[in-house]
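Asker: Kindly return the folded structure for what I paste below:
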Amino acid sequence: MSTAPVPSLADLRNPIGAHVPVAGKGLVGTGLAYARRVGAETVQVFTANPRGWATPAGNPAQDEEFRAACAELGMTAWVHAPYLINFGSDNPATRERSAASLRHSLRRAHAIGALGVVLHTGSAVGTAPGGGSRRAEAMAQVRADVRPLLAELDGLGEDAPWLLLEPTAGQGSSLCSRLEQLAEYVEALDGHPKVGVCLDTCHAFAAGHDLAVPGGVTAALDALASAAGPGRLRLIHANDSEDVVGARKDRHANIGAGMIGAEPFRELFEHPETSGVPLVVETPDRKHGGDGTGHAMDITALKGLRARAAVAV
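Answerer: Numbering: from 1, shown residues only. Got it, this is the predicted structure:
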């Protein structure tokens, strides 16, 4: 039997966790209880309905309880912003609601001590005058709408959460699906020091980055660092893919059960850009009973791959 000390969560090179539910008993009673059940070392949560515009007030007592529990465990937390947010829309009402929703997510993240807010990068909805793509106009809208929110973020102090750009799978008129497109997005936000990246492995694969081939993960991470800048990768959504590379379909699979396979995730742990970056699974759980069994299985698989990686955990 090994007598080697078990590292604390704070000492892990790559904590591994899951997106956890919070409905019912809240952040601690539901969320952290689920995290313990599945063996999570980090957690991601929604602070509002992910498919709506509501911006519910938090409960300060529950927020403090969550912050204290995470601090005691040495566990980091992350917030995922609602899916409806799209600053590239041609509908002014959507843009206004997007700003209010993202502001809410950033403030709630700060209140619960989360380190970052994950934002899907959106799409250029609509048609430009005279026909054609609205991409240039949509990117100008991103700049106009998000920079004021970043200015508000500056006012929250040193513990303000990061705004993490998550490239999408490439559906429709996506503003950022290929990792190379992060350069334009970060530039539009003036390279703000609190703008980071959340890499979703399923999205990257769907957008055409072949993570399944030897060296594919390394090439993708190199492209990300070149485009966004070193040190901006702050979180990874570790998801396998139901579909083939380049399919532009966002259908997550359990680790090793999809078209990416398990071994590329070991390669991910070995890249210098992932040092200190947590992994969160958003993989199917309902097909395994919906009680956390699927997430526990994937977290265990990733921990095994982390142990085999040619770096210290």
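
Asker: which residues does residue 166 contact?
Answerer: Contacts here follow C-beta atoms under 8 Å, 6 or more residues apart in numbering; on that basis residue 166 touches 118, 119, 120, 121, 197, 198, 199, 200, 203, 237. The C-beta positions use only the backbone N, C-alpha and C, and glycine is treated the same way.

Asker: Beta-bridge partners for the second one, please?
Answerer: Under the criterion DSSP bridges, residue 119 forms beta bridges with residue 165.

Asker: I'd like to know how far it sits from residue 59.
Answerer: Residue 119 is 24 Å from residue 59, where distance means C-beta to C-beta, to the nearest Å.

Asker: Am I right that residue 77 is in a helix?
Answerer: No. Assigned with DSSP: H, G, I helix; E, B strand; the rest coil, residue 77 falls outside any helix and is strand.

Asker: wait, doesn't it sit right on residue 117?
Answerer: No. Using C-beta atoms under 8 Å, residue 77 is not in contact with residue 117; the gap is 10.9 Å.

Asker: Compare residue 119 and residue 59 and say which one has the larger neighbour count.
Answerer: residue 119 (25 against 13; other C-beta atoms under 10 Å).

Asker: if we can go back for a sec, okay, and which of the contacts of residue 166 map to strands?
Answerer: Among the contacts of residue 166, DSSP state E puts 118, 119, 120, 197, 198, 199, 200, 237 in strands.

Asker: any chance of those residues in JSON lines, plus distance to residue 255?
Answerer: Shown next, in JSON lines, are the ones in strands among the contacts of residue 166 (distance: C-beta to C-beta, whole Å):
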{"residue": "118", "distance to residue 255": "19"}
{"residue": "119", "distance to residue 255": "24"}
{"residue": "120", "distance to residue 255": "22"}
{"residue": "197", "distance to residue 255": "21"}
{"residue": "198", "distance to residue 255": "18"}
{"residue": "199", "distance to residue 255": "15"}
{"residue": "200", "distance to residue 255": "13"}
{"residue": "237", "distance to residue 255": "12"}
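
Asker: Going by distance to residue 98, which of those residues wins?
Answerer: residue 119 (9.5 Å; C-beta to C-beta).
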